[in-house]
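K.L.:
Attaching a predicted model along with its sequence, questions to come.
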Amino acid sequence: MELETIIGLEIHVQLKTKTKMFCTCDNSGEDKPANSCICPVCLGHPGVLPVANKQAIEWSALTSLALNCQIDEYSKFDRKHYFYPDLPKAYQISQFDQPIGKTGYLYILNPETKTEEKIRINRLHLEEDAAKLHHTPDKKNSLVDYNRGGTPLMEIVTEPDITNPNQAKLFLQELRQIIRYLEISDADMEKGHLRCDANISLRPIGDKKLYAKTEIKNLNSFKMVEKALEHEIHRQTKLWLEGNPPKDLTTRGWNDSKGQTEEQRVKEEAHDYRYFPDPDIPPVHFLLSAENPCQEKEILIDVECLKTQLPELPDHKRKRFIKEYDLNLDEAKILTEEKNRANYAEQVFSELYNWIENIIEPAIKKDDFWEKNKPQLTKLSSNWLINNLFPLLEENQMTIKSMAMTAENMAELITLVFVKKVNSNSAAEILAEMIKTGADPSHLIKDKDLGQISDSDELESILDAIIKKNPKPVEDFKNGKEKALQALVGQVMAKTKGKANPEIVLKLLKNKLK
Ligand code: ZN
Ligand code: MN
């Protein structure tokens, strides 16, 4: 029997608003002492009145736009009832039948076939997070920290369109990147800013029915999502082949140290959450055009205005980088991984154009030179950013924002490498200093005497001495062994402490010995 895999994801994202979802408590409580960011509203005391955080609603609508969701004119908040110590009101304010976003989608690039695969999004809604439970080591007591209670939490639910664990991981990575581009959450899975539950079931290929799914919880990294799903496919395949496929909706937790999923509970039937509209919170009215008038006592959100706040999204930026700067997909991916890095790279590319003025012969037209050398220059730049600058920043625990080097100076350094005024070893040395001090590269080259020697006259006398000292390789070369010259080039490099331009040295040597 051939089986296929059906996966859907439910993702919760903590929004980094200043205050909580329905009160004015500080929303950075995860780094603060337990129960220090709380008030009667988020503790669910009787008689209090929640007030919805407009920023959180706007960010959720912004994300809906980024995920190609439809936004209806009205949205509302509902009470979802369940009884647990992490929820002091015994209900969570969430959204039931009128979420903020509906029927969206994202395209995920299949790394093997290089085709884009569409993952539909069922809904995006906003709710409040629950408090955090800490179990004492003896497991006899549970302590509750209410700092997290009431944090704005965006929930995104996909359709069961995901067909394998790797695709699930790629979808999550793309989603995280979008959220970071929107600057609405740090979306760090390890810290619980982004939490994912995965639903998975199998079925015989050709069967159109959906069978009882298993929900996997406790997935704290992309790696875990992938590993847990792989394990679950393995487990369920065995059950199917034994003629005993899963019959009930079950919840399993991922045990990372054991590398397996473990049964938590079997849901006999769907939970009855007794949803009903929260009477304390006015409806959300999305202004979709200039025409729809605003009613009194509504939370008004201007969608047209939000559209103008939407940044260029990762997918678009990647494609544009490939086209505009002649980069390949891998290069574009790394350069656009973070918005700040992408912006910096673009500044470097545009500053390069300005530096050309300084390196071309007066007779050559700047634009002609640029057009002719642009692929090479951008390639060189992306190499320097990806292989030198980014690793260097990580090594020094710096970011694009915290380092001292301007894009203009980075472009100058690349230009100097391009025209061979400095070799790449020396340039790397200079770069390490530039990110810390912001000094400009031509001064550093002069101060440190790192300029590459390309001047023939200067090299002639060094070459003569080396030829005299090495009759053997000279003889070999004259007998047709081209490779013998490498030994001589190596000696010239050593003599000049690496400053000689090896290509020119080779050319001069050949001329001399012919
Ligand atoms: Zn509060
Ligand atoms: Mn939820």
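P.N.:
Looks like it came in fine. Numbering: from 1, shown residues only. Ligands and ions are numbered 1, 2, ... in the order given.
K.L.:
contacting residues around Q173?
P.N.:
F222 (Cβ atoms under 8 Å, 6 or more residues apart in numbering). For the C-beta atoms, the positions are set from N, CA and C on the backbone; glycine is no exception.
K.L.:
you'd agree it is in a helix?
P.N.:
Yes - counting by DSSP: H, G, I helix; E, B strand; the rest coil, one finds Q173 located in a helix.
K.L.:
Near W384, how many residues? Count them for me, please.
P.N.:
The tally of other residues near W384 (other Cβ atoms under 10 Å) stands at 21.
K.L.:
I'd say it and T415 touch.
P.N.:
No - assessed by Cβ atoms under 8 Å, W384 is found out of contact with T415, at 10.8 Å.
K.L.:
which residues are contacting stretch 354-363?
P.N.:
Counting by Cβ under 8 Å, 6+ apart, K366, F369, W370, E408, A411, E412, T415, F418, V419 sit against stretch 354-363.
K.L.:
likewise stretch 225-238?
P.N.:
3, 5, 7, 164-166, 168-169, 172, 196, 198, 200-202, 214, 216, 219, 245-246, 252, 254, 256, 259-261.
K.L.:
Buried residues in the strand or helix carrying M224, which are they?
P.N.:
M224 is part of helix 222-241, with elements assigned from DSSP states H and E. Buried residues in helix 222-241, defined by neighbour count with 16 or more other Cβ atoms under 10 Å: 222, 224-229, 231-233, 235-236, 240.
K.L.:
With distance to G206 and pLDDT added, can I get the residues you listed in CSV?
P.N.:
Below are those laid out as CSV (distance: Cβ to Cβ, whole Å; pLDDT from 0 to 100):
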residue, distance to G206, pLDDT
F222, 31, 94
M224, 32, 93
V225, 28, 94
E226, 27, 94
K227, 29, 93
A228, 27, 94
L229, 22, 95
H231, 25, 94
E232, 22, 94
I233, 18, 95
R235, 22, 93
Q236, 18, 94
W240, 14, 93
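K.L.:
On the three-state scheme, the residue positioned nearest the centre of the chain is what?
P.N.:
In the chain, the centroid-proximal residue (Cα atoms, centre = their mean) is Q177; its distance is 3.7 Å. The three-state label given to Q177 by three-state DSSP is helix.
K.L.:
residues contacting it?
P.N.:
Applying Cβ under 8 Å, 6+ apart, the residues contacting Q177 are P314, E337.
K.L.:
Please tell me how far it sits from T496.
P.N.:
46 Å (Cβ to Cβ, to the nearest Å).
K.L.:
Around ligand 1, which positions in the protein sit nearby?
P.N.:
C23, C25, C39, V41, C42 (Cβ under 5 Å from the ion).
K.L.:
What's the local residue count around the residue nearest to T437 when sequence neighbours are not counted?
P.N.:
Leaving aside its chain neighbours, T437 sits nearest to A404 (5.9 Å; criterion: Cβ to Cβ, 6 or more residues apart in numbering). Neighbours of A404 under the rule other Cβ under 10 Å: 13.
K.L.:
Return the residues in contact with A404.
P.N.:
Per Cβ under 8 Å, 6+ apart, neighbours of A404: M434, I435, K436, T437, G438.
K.L.:
Equivalent analysis for M1, please.
P.N.:
Applying Cβ under 8 Å, 6+ apart, the residues contacting M1 are P204, W240, L241.
K.L.:
Equivalent analysis for L506, please.
P.N.:
L485, V489 are the contacts of L506 under Cβ under 8 Å, 6+ apart.
K.L.:
Go again with 10 Å.
P.N.:
Contacts here follow Cβ atoms under 10 Å, 6 or more residues apart in numbering; on that basis L506 touches L485, Q486, L488, V489, V492.
K.L.:
How about V51?
P.N.:
Contacts of V51 by Cβ under 10 Å, 6+ apart are T19, M21, F22, C23, T24, V41, D280, I281, P282, I299.
K.L.:
Kindly reformat those as CSV containing neighbour count.
P.N.:
Formatted as CSV, these follow (neighbours: other Cβ atoms under 10 Å):
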residue, neighbour count
T19, 19
M21, 28
F22, 23
C23, 22
T24, 13
V41, 20
D280, 14
I281, 18
P282, 17
I299, 19
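K.L.:
which one of those residues is nearest D31?
P.N.:
Nearest to D31 out of the contacts of V51 is T19 (Cβ to Cβ; 15.5 Å).
K.L.:
Which pLDDT value goes with the closest residue to P50 other than its chain neighbours?
P.N.:
Leaving aside its chain neighbours, P50 sits nearest to F22 (3.4 Å; criterion: Cβ to Cβ, 6+ apart). pLDDT, F22: 97.
K.L.:
Check which helices and strands the helix or strand hosting D367 is in contact with.
P.N.:
Per DSSP H and E, D367 falls inside helix 366-383. Helix 366-383 sits against helix 314-325, helix 329-335, helix 339-356, helix 407-418, with contacts defined as 3 or more Cβ pairs under 10 Å, 6 or more residues apart in numbering; DSSP states H and E.
K.L.:
can you pull the buried residues of the helix or strand following it?
P.N.:
Sequence-wise, the next helix or strand downstream of helix 366-383 (DSSP H and E) is helix 390-395. Within helix 390-395, the residues scored as buried using 16+ other Cβ under 10 Å are F390, L392, L393.
K.L.:
ok, so of these, who is nearest ligand 1?
P.N.:
L393 (38.0 Å; Cβ to the ion).
K.L.:
Find the closest residue to ligand 1 in the stretch 101-250 of the chain.
P.N.:
Closest point on the stretch 101-250 of the chain to ligand 1, by Cβ to the ion, is G150, at 5.5 Å.
K.L.:
could I get the residues of the chain next to ligand 1 as TSV with secondary structure?
P.N.:
TSV is the format used below for the residues of the chain next to ligand 1 (three-state DSSP):
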residue	secondary structure
C23	coil
C25	coil
C39	coil
V41	coil
C42	coil
